[in-house]
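**Q** give me a 3D structure for the following:
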Amino acid sequence: MSPIVLSKPEPGEALDVYLPVSDQAVSAVLCRTDLVGVQRPVYYVSHALHGPELHYSRLEKIVYATAAKKLAPYFQGRAIHVLTDQPIGAVLRTASSSGRLVKWALMLTQYAIDYRSRLAIKGQALADFLVECTTREIQPPVKEDPEAAWWSLATDGSSSKKGVGGGVVITSLEGFKVYYALIYQFSPTNNEAEYEAFVNGLQCARDLGAEYIRAQTDSALVVGQVLGDYEVNGERLQAYRDLAIEKLNFFRAYTVCHVPRLDSADADILSKLAQDALGHMSKIARILVIPRHSIHRLPVPPIQPAEETWISDFMEYLQHDRLPNDPQRARKVKLMAPRFQVQDGRLYRRSYGGPLLRCLNSFEADLVMNELHSEMNKLHSDTCTRLPGVSW
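**A** Numbering: from 1, shown residues only. Next up is the predicted model:
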């Protein structure tokens, strides 16, 4: 059998793309069809998945392989036929696709790509071989260490006309159980309630000192999306899935599994009692009030107040060519603008042959002056000097 030799494509010649995927690797093979109808490989690329990439759905992995940067030079100036058994074209044209799919779709719209069903094996055999070899190079997943301090976590959340609530049961290495009743001060959907119990349960376990966690829930959707077996639809569930993975990565190792509701009866009872018997719950469980959706994190307040008007006036004019509405201020800005410049989102004043002078608002100026006077007091000096490189 003759060895496989990469073929050179002709300018403007159409190419076929085969995209096999596995749980741990993706690959892509570009082929051209010669004059006698034989497919010749042109280029190939393979990638071992790591971290969050392992949780991509099968369809996301295929699109991820299609959007590989190394394929871009071969996509330019020619027709590309992507042969796959997945409905990539329909998904990429859907506005409700996940954020990463929309990002990849925008990257691929600049090329003349036609998505077709794969009818024959041909080049797919080579692509499958590549992804298989890539998978072999990946180290096998780490097995559970029987000597590790594994904690257990069971969660359940519910949302119905009767009310909303969640339950969390954490079991330590010694078998001691800690119960949490979650009180939602908002109205989540049932899937969001399950996610809220899951992510808050993970946070509680981490706060108690758990480093190895076995998490279980009766929500097949939560488990499937976290493990990457289910496709995530909607921005809110996508945010919840990303938050859950972020919480899981706090642990040194973790497992996530789906269990029947009977196997998580304690968490289920807690979620129900949190709605109906809150007064009695405080005697057997810790009450955890959730004021808002966990994905709606409070913005970090600014360390300093808004910049003074004169700074914003110069930045608006220098960056966007917009003058203030006040004619007197506009005249002043236009006259003095050549003395200033914006760099890295900050306003600086040009000095004569020296460094740029940083423009400070009143809050920043007070900090600088306080620090300056503090240092001066230590030196028992009454002389006030101006800091080099600072203007206010």
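**Q** which residues of the stretch 101-250 of the chain score low on pLDDT?
**A** 118-148 (pLDDT under 70).
**Q** for it, which segments count as helices?
**A** Taking DSSP state H, counting those that start in this stretch as the criterion, the stretch 101-250 of the chain contains helices spanning 123-137, 190-207, 220-227, 235-248.
**Q** so which of those helices comes closest to Arg350?
**A** Distance to Arg350, taken as C-beta to C-beta, is lowest for helix 235-248 among the helices of the stretch 101-250 of the chain, at 44.4 Å. To be clear about C-beta, it is placed using only N, CA and C from the backbone, and glycine gets the same treatment.
**Q** and that closest one, what does it pack onto?
**A** In terms of contacts (3 or more C-beta pairs under 8 Å, 6 or more residues apart in numbering; DSSP states H and E), helix 235-248 is packed against helix 190-207, helix 220-227.
**Q** which of the helices of the stretch 101-250 of the chain is buried the deepest?
**A** Of all the helices of the stretch 101-250 of the chain, helix 190-207 carries the top mean neighbour count, a mean of 23, counting by mean count of other C-beta atoms under 10 Å.
**Q** what's that one packed up against?
**A** Short answer (3+ C-beta pairs under 8 Å, 6+ apart): helix 190-207 packs on strand 150-160, strand 163-171, strand 177-184, strand 212-217, helix 220-227, helix 235-248, strand 286-290.
**Q** hmm, back to that, now render the helices of the stretch 101-250 of the chain as CSV, adding distance to Lys162.
**A** Below are the helices of the stretch 101-250 of the chain laid out as CSV (distance: least, C-beta to C-beta, whole Å):
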stretch, distance to Lys162
helix 123-137, 48
helix 190-207, 12
helix 220-227, 21
helix 235-248, 23
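**Q** out of those, flag the one nearest Leu101.
**A** Once the helices of the stretch 101-250 of the chain are compared by C-beta to C-beta, helix 235-248 is nearest, at 10.1 Å.
**Q** the inter-axis angle of that closest one versus helix 190-207?
**A** If you take axes from the mean of the first three to the mean of the last three C-alpha atoms, to 10 degrees, helix 235-248 sits at 20 degrees to helix 190-207.
**Q** after helix 235-248, which helix or strand is next? Please name it.
**A** Heading C-terminal from helix 235-248, the first helix or strand you meet, by DSSP states H and E, is strand 253-258.
**Q** got the contact list for Ser159?
**A** Tyr184, Ser187, Pro188, Thr189, Asn190, Glu192, Ala193 (C-beta atoms under 8 Å, 6 or more residues apart in numbering).
**Q** at 6 Å what do you get?
**A** Going by C-beta atoms under 6 Å, 6 or more residues apart in numbering, Ser159 touches Pro188, Asn190, Ala193.
**Q** which one of those is nearest to Asn370?
**A** Pro188 (46.5 Å).
**Q** what's the burial count for the closest residue to Arg58 other than its chain neighbours?
**A** Spatially, and ignoring its direct neighbours in sequence, Arg58 is nearest to Val21 (6.1 Å; C-beta to C-beta, 6 or more residues apart in numbering). Neighbour count of Val21, defined by other C-beta atoms under 10 Å: 24.
**Q** now Phe251
**A** 17.
**Q** from Val232, how far off is Asp114?
**A** 27 Å (C-beta to C-beta, to the nearest Å).
**Q** and if you look at Pro41?
**A** 34 Å.
**Q** the more surrounded of those two?
**A** Ranked by neighbour count (other C-beta under 10 Å), Pro41 and Val232 place Val232 first, with 25 against 18.
**Q** show the backbone phi and psi for the more buried one.
**A** phi -100, psi 120 (degrees, to the nearest 10).
**Q** so it touches Val226, yeah?
**A** No: the pair Val232 / Val226 is not scored as a contact, 9.6 Å apart, by C-beta atoms under 6 Å.
**Q** my read: Gly167 touches Leu270, true?
**A** Yes: between Gly167 and Leu270 a contact is recorded at 2.7 Å, counting by C-beta under 6 Å.
**Q** follow-up on the earlier one: go ahead and confirm the residue nearest to Arg58 touches Lys61.
**A** Yes: counting by C-beta under 6 Å, a contact exists between Val21 and Lys61, whose distance comes to 4.3 Å.
**Q** thinking again about what came up before, let me have the contacts of Ser159 in JSON lines, extended by distance to Tyr254.
**A** As requested, the contacts of Ser159 are exported to JSON lines (distance: C-beta to C-beta, whole Å):
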{"residue": "Pro188", "distance to Tyr254": "24"}
{"residue": "Asn190", "distance to Tyr254": "24"}
{"residue": "Ala193", "distance to Tyr254": "22"}
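**Q** neighbours of Gly175, how many?
**A** Using other C-beta under 10 Å: Gly175 sits among 7 other residues.
**Q** still on that earlier bit, what is the nearest of the contacts of Ser159 to Val29?
**A** Asn190 (43.3 Å).
**Q** residues contacting the closest one?
**A** Ser159.
**Q** who does the helix or strand containing Leu273 touch, helix- and strand-wise?
**A** Leu273 belongs to helix 265-276 when assigned by DSSP H and E. Packing contacts for helix 265-276, counted by 3 or more C-beta pairs under 6 Å, 6 or more residues apart in numbering; DSSP states H and E, involve strand 150-160, strand 163-171, strand 177-184.
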